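> attaching a predicted model along with its sequence, questions to come.
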Amino acid sequence: MELTNEQLVEMYRRMVRIRRFEENVVDMVASGEIPGAAHTSIGQEGEIVGACMALRLDDYMVGNHRSHGHPIGKGANLKGLMAELLGKRTGVNRGKSGSMHLADFSIGSVGETSILGSGIPIAAGAALGARMLGTDRVSLCFFGDGASNEGAVHEGLNLAAVWKLPVIYVCENNGYAVTVPAEKAISVHNISERAKAYDIPGVTVDGQDAIAVYEVVSEAVKRARAGQGPSLVEAKTYRYRHHAEGPLFDNLNYRSEEEVMRWKKRDPLVILRTRLLESGVLTEADAAQIEREVQDEVQAAITFARESAYPDPQEAFEGLYVHPIPITR
Amino acid sequence: MRQITYLQAIGEAMREEMRRDPRVFLMGEDIEANVFGTATGFKEEFGADRLRDVPLSEAGFVGAAIGSAMVGMRPIVDLTIASFLYVAMDQIVSMAAKTTYMYGGQTHVPLVLRASMFFGGANAAQHSDRNYPMLMNVPGLKIITPSTPYDMKGLLKTAIREDDPMVSFEDGMLWGTRGDVPEEEYLIPFGVAEVKRAGTDVTVVAIASRVQEALAAAETLTKEGVSVEVIDPRTLVPLDKETILASVAKTGRLVVVEEAHRTCGAAAEIAAIVAEEGFWNLKAPIKRLAVPDVHIPFSPPLEKLMYPTASTIVSAIHAVME
């Protein structure tokens, strides 16, 4: 499970990719180019990529409304993601779902769902399907500290546990459910403690340390693939931006500037880069090269999205069913 | 022809489809113990993997069924009583119904939810829902309401083969009814209503077990010389409006009968379609017979007042014939 040097560099590249993609998203929401709500993952790149690197490309992944990082972490091409954000036909969802649902099924996604907690049973089902179809695929589900209180989480975790399903639940605990601090809404100090209730392993890990997350999730993946059932991993992390972009969340006094600064001092990109530079896996020149390449990739994705066409009006009425039925207009 | 019950028809449809396609499996509460008798011999034939008892957790197991469908399985979920689907409402509405559309066709959800409408037996409001109209209001689902063993089997087999999420509303009042069902295989297509009885004076569109009541009313009215056409839509989504409109064009009168609540019901929808598209064929105002907008009371003499019967249908037909 030791990461090769190539994998470590890839891990860093994907984290940079999420950061630069998201920084552009922030600007494009502010300028009005991206419509609708946008929830960024800036600050959470370590736990996302650490978890995704523990998966194979054909393993399943379910995410949530903070959906941009997950597919990038699992290796998606940026073009289809950016086009989706702009509501274009070339988007991963053909412009049907936008920012909260960037699910790219070509890299193993089984959905990014914006109803919190709803992905927990879905991920259990993907794991059940994987097993019934005779594959050794596992399923990984990202969810937040806010979602951890939803009833579907209890139901899904219990089901996964009694059926010993190959699924890994990764709680991205970024400390806040929109504005409500975790300690005000959650009965336990560590959400991983809730694993005891299902007699499954529960581990809390530093979400800003991508390698640490990778190691913990890899262990859970190993267990799942070996038929030993689900695990619950809690990654303590932080989002630098507010819940979502836009004026609604900008001037709310729910966390201190001091707290934000404290977390920024433990930036996941800096932590990994420093480690890779110190161990000689990466040189400053390599890091700069990755920066340039990622910037080019993001710009190419933006250009692609801008030049792509909007869906035809008729497409609003298509794709509801595999076998369509008449829709009265 | 051979006769079997409505419940046996459900069992036969599932067994034949599970034999045909190894990806089809059945899960639900008390399904291994076969409480309702629809899974007789399934455990022995298909094994524990394809016949799964579930923990009492509708959101959990409906969600798991959806997830398995998204990766290639074809689950049938026996929700037992239709009232329990509320516990899984988020999974049914936000996930099953919306997934194909929202992900731009990257995946689909070949899921069958089976829910019995367990009314008329003194089980009070929380166990007696006839809630198909609520789900008719959710694009992305397909809905069947079979009224005979023949329709039950043919429609459920089609449902299991469909690639879209389906809800089978099975009328508990019909569980024990027997009807002709051939030994040989058949499928019934969706969106094709059946004229259960031809007539010329008035069209009665009836749903699920109200079809029997409508047929009884029609029989009574022959003595008075009134010729009643009884139409069973069989599938509510998609709805075969052409057959209904053609019948109204012939008779000029419409009574719609259902066992769901009146407001925003299937009868309301059918009445609205005929008012919009068949208005100039009408000789009398449309009449709806449905359950009044109150909860189902426990006490049998009170519950009996709730559902349209052959005699209330006769009265309604008299009213539109005046």
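Arrived safely. Numbers count the residues shown, from 1 in each chain, chains lettered A, B, ... in the order given.

> any stretches of chain A with poor pLDDT?
A:1 (pLDDT under 70).

> nearest residue to the middle of it?
Central residue of chain A (CA atoms, centre = their mean): residue A:70, 2.8 Å from the mean position.

> please, where are all the strands along the chain?
As the question left the chain open, I've gone with chain A. Here chain A has its strands, by DSSP state E, at A:60-64, A:109-113, A:139-144, A:167-173, A:176-177, A:180-181, A:202-206, A:231-236.

> chain B is the one I meant
B:3-5, B:24-28, B:51-53, B:74-81, B:112-117, B:142-144, B:166-171, B:178-180, B:194-197, B:202-206, B:228-232, B:235-237, B:254-261, B:287-291.

> in JSON lines, list the ones you listed along with mean pLDDT, distance to residue A:183 and mean neighbour count.
Backbone N, C-alpha and C define where each C-beta goes, glycine included. Formatted as JSON lines, those follow (pLDDT from 0 to 100; distance: least, CB to CB, whole Å; neighbours: other CB atoms under 10 Å in any protein chain shown):
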{"stretch": "strand B:3-5", "mean pLDDT": "98", "distance to residue A:183": "58", "mean neighbour count": "16"}
{"stretch": "strand B:24-28", "mean pLDDT": "97", "distance to residue A:183": "38", "mean neighbour count": "23"}
{"stretch": "strand B:51-53", "mean pLDDT": "96", "distance to residue A:183": "38", "mean neighbour count": "18"}
{"stretch": "strand B:74-81", "mean pLDDT": "96", "distance to residue A:183": "38", "mean neighbour count": "24"}
{"stretch": "strand B:112-117", "mean pLDDT": "97", "distance to residue A:183": "39", "mean neighbour count": "25"}
{"stretch": "strand B:142-144", "mean pLDDT": "98", "distance to residue A:183": "45", "mean neighbour count": "25"}
{"stretch": "strand B:166-171", "mean pLDDT": "98", "distance to residue A:183": "42", "mean neighbour count": "26"}
{"stretch": "strand B:178-180", "mean pLDDT": "98", "distance to residue A:183": "62", "mean neighbour count": "15"}
{"stretch": "strand B:194-197", "mean pLDDT": "98", "distance to residue A:183": "61", "mean neighbour count": "18"}
{"stretch": "strand B:202-206", "mean pLDDT": "98", "distance to residue A:183": "58", "mean neighbour count": "29"}
{"stretch": "strand B:228-232", "mean pLDDT": "98", "distance to residue A:183": "58", "mean neighbour count": "27"}
{"stretch": "strand B:235-237", "mean pLDDT": "98", "distance to residue A:183": "46", "mean neighbour count": "25"}
{"stretch": "strand B:254-261", "mean pLDDT": "98", "distance to residue A:183": "45", "mean neighbour count": "28"}
{"stretch": "strand B:287-291", "mean pLDDT": "98", "distance to residue A:183": "48", "mean neighbour count": "21"}
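
> related to what we said a few turns ago, name the nearest residue to the residue nearest to the centre of chain A, ignoring sequence neighbours.
residue A:63 (3.9 Å; CB to CB, 6 or more residues apart in numbering or on different chains).

> the one you found and residue A:103 touch, don't they?
Yes. If you go by CB atoms under 8 Å, residue A:63 and residue A:103 touch, sitting 7.3 Å apart.

> of these two, who's got more company?
residue A:63 (31 against 28; other CB atoms under 10 Å in any protein chain shown).

> show me which helix runs longest in the chain.
Here I'm looking at chain A. For chain A, the helix that runs over the most residues, judged by DSSP state H, is helix A:5-30.

> wrong chain, I was asking about chain B
Chain B, longest helix under DSSP H: helix B:6-20.

> in that one, which residues are buried?
B:6-18 (16 or more other CB atoms under 10 Å in any protein chain shown).

> returning to what we had before: ok now the longest helix of chain A, how far from the chain's centre?
Distance, stretch centre to chain centre, for helix A:5-30: 12 Å (CA atoms, centre = their mean, to the nearest Å).

> thinking again about what came up before, okay, the strands of chain B in JSON lines with distance to chain A next?
What follows is the strands of chain B, written out as JSON lines (distance: least, CB to the nearest CB, whole Å):
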{"stretch": "strand B:3-5", "distance to chain A": "28"}
{"stretch": "strand B:24-28", "distance to chain A": "7"}
{"stretch": "strand B:51-53", "distance to chain A": "8"}
{"stretch": "strand B:74-81", "distance to chain A": "8"}
{"stretch": "strand B:112-117", "distance to chain A": "14"}
{"stretch": "strand B:142-144", "distance to chain A": "7"}
{"stretch": "strand B:166-171", "distance to chain A": "11"}
{"stretch": "strand B:178-180", "distance to chain A": "27"}
{"stretch": "strand B:194-197", "distance to chain A": "18"}
{"stretch": "strand B:202-206", "distance to chain A": "18"}
{"stretch": "strand B:228-232", "distance to chain A": "18"}
{"stretch": "strand B:235-237", "distance to chain A": "7"}
{"stretch": "strand B:254-261", "distance to chain A": "18"}
{"stretch": "strand B:287-291", "distance to chain A": "20"}
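
> nearest to residue B:66, out of these?
strand B:74-81 (8.0 Å; CB to CB).

> what strands line up against that closest one, and which way round?
Strand pairing for strand B:74-81, determined by DSSP bridges: strand B:24-28 (parallel), strand B:112-117 (parallel).

> quick revisit: which residues pair with the residue nearest to residue A:70 across the strands?
residue A:112.

> next up, the contacts around it.
Contacts for residue A:63 (CB atoms under 8 Å, 6 or more residues apart in numbering or on different chains) come out as A:70-71, A:103, A:109, A:111-113, A:119, A:141-142.

> measure it to residue A:245 for me?
With distances taken as CB to CB, to the nearest Å, residue A:63 is found 18 Å from residue A:245.

> right, and residue B:312 touches residue B:287 too?
No. Taking contacts as CB under 8 Å, residue B:312 lies outside contact range of residue B:287: 10.4 Å.

> in this structure residue B:273 contacts residue B:245, no?
Yes. Counting by CB under 8 Å, a contact exists between residue B:273 and residue B:245, whose distance comes to 7.5 Å.

> at the geometric centre of chain B, which residue do we find?
residue B:145 (1.5 Å).

> now it: phi and psi?
Residue B:145 adopts backbone torsions of phi -140, psi 70, taken as degrees, to the nearest 10.

> now do it, the pLDDT please.
At residue B:145, the model reports a pLDDT of 98.

> the domain parsing of chain B - what is it?
As assigned by automatic domain parsing, chain B contains the domains B:3-180, B:194-321.

> out of the ones you listed, deepest packed?
Most buried of the domains of chain B, by mean neighbour count (mean count of other CB atoms under 10 Å in any protein chain shown): domain B:3-180, with a mean of 21.
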